[in-house]
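Student: I need the structure of the sequence given here:
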Amino acid sequence: MAKHTPGPWEVGSPNYQDQRAIGVVGPTWNVADVYYDGADKEEAKANARLIAAAPELLRCLEWAMIWLPKMPLPDHDQDLRDVFAENLEECNRAIAKSQGRTD
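Tutor: The predicted structure follows:
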């Protein structure tokens with residue numbers, strides 16, 4: 001499986017002069033362009049910021065999945081244990097999605 005371009009990624013300019021695109025730039029080249037038309041520019045900027053944060057977010061999720069399952073939870077609070085388990089599963093799905101897996 002291919003690995004993603006290492007971070008950090010930054011919101012910048014696309015490699016070409018398209019006035020309707022916001023670039024997401026990695027250390028060596030453009031990682032992505034987010035296009036917009038007219039009034040959607042602020043939403044496009046927000047999308048570009050989210051994309052630019054992806055390497056750090058993935059690293060945080062991977063760290064969390066190492067340490068959070070080791071965290072002691074109170075035996076008497078089944079609701080807390082259920083919510084915790086559901087959130088761990090959601091983290092696992094997000095990591096798998098970033099790696100192109102469907103598990």
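Student: need the contact list for Val25.
Tutor: 9-13, 31 (C-beta atoms under 8 Å, 6 or more residues apart in numbering). In short, each C-beta sits where N, CA and C put it, glycine included.
Student: for those, which one is nearest Gln78?
Tutor: Set against Gln78, the nearest of these by C-beta to C-beta is Trp9 (40.4 Å).
Student: helix, strand or coil for the residue lying closest to Pro55 once chain neighbours are set aside?
Tutor: Counting by C-beta to C-beta, 6 or more residues apart in numbering, Pro55 lies nearest to Gly7, which is 3.1 Å off, once chain neighbours are set aside. Here Gly7 is coil, with the state taken from DSSP: H, G, I helix; E, B strand; the rest coil.
Student: mind listing what Gly7 touches?
Tutor: 26-27, 54-56, 59.
Student: just the element for the residue located most distally from the centre of the chain, please.
Tutor: Distance to the chain centre peaks in the chain at His76, reaching 34.0 Å (criterion: C-alpha atoms, centre = their mean). Under the criterion DSSP states H and E, no helix or strand holds His76.
Student: hmm, back to that, how far away is the residue nearest to Pro55 from Trp29?
Tutor: Going from Gly7 to Trp29 by C-beta to C-beta, to the nearest Å gives 13 Å.
Student: with Ala54 instead?
Tutor: From Ala54 to Trp29 the distance is 16 Å (C-beta to C-beta).
Student: so what's the gap between whatever helix or strand Pro55 lives in and the chain middle?
Tutor: Element membership for Pro55 (DSSP H and E) is helix 54-67. Its chain's average C-alpha position is 9 Å from that of helix 54-67, according to C-alpha atoms, centre = their mean, to the nearest Å.
Student: and for that helix, what's in contact with it?
Tutor: Counting by C-beta under 8 Å, 6+ apart, residues outside helix 54-67 touching it are 4, 6-9, 88, 91-92, 94-95, 98.
Student: quick one on the thing from earlier: farthest pair within the contacts of Val25?
Tutor: The distance between the two most remote of these (C-beta to C-beta) is 13.4 Å, for Trp9 and Ser13.
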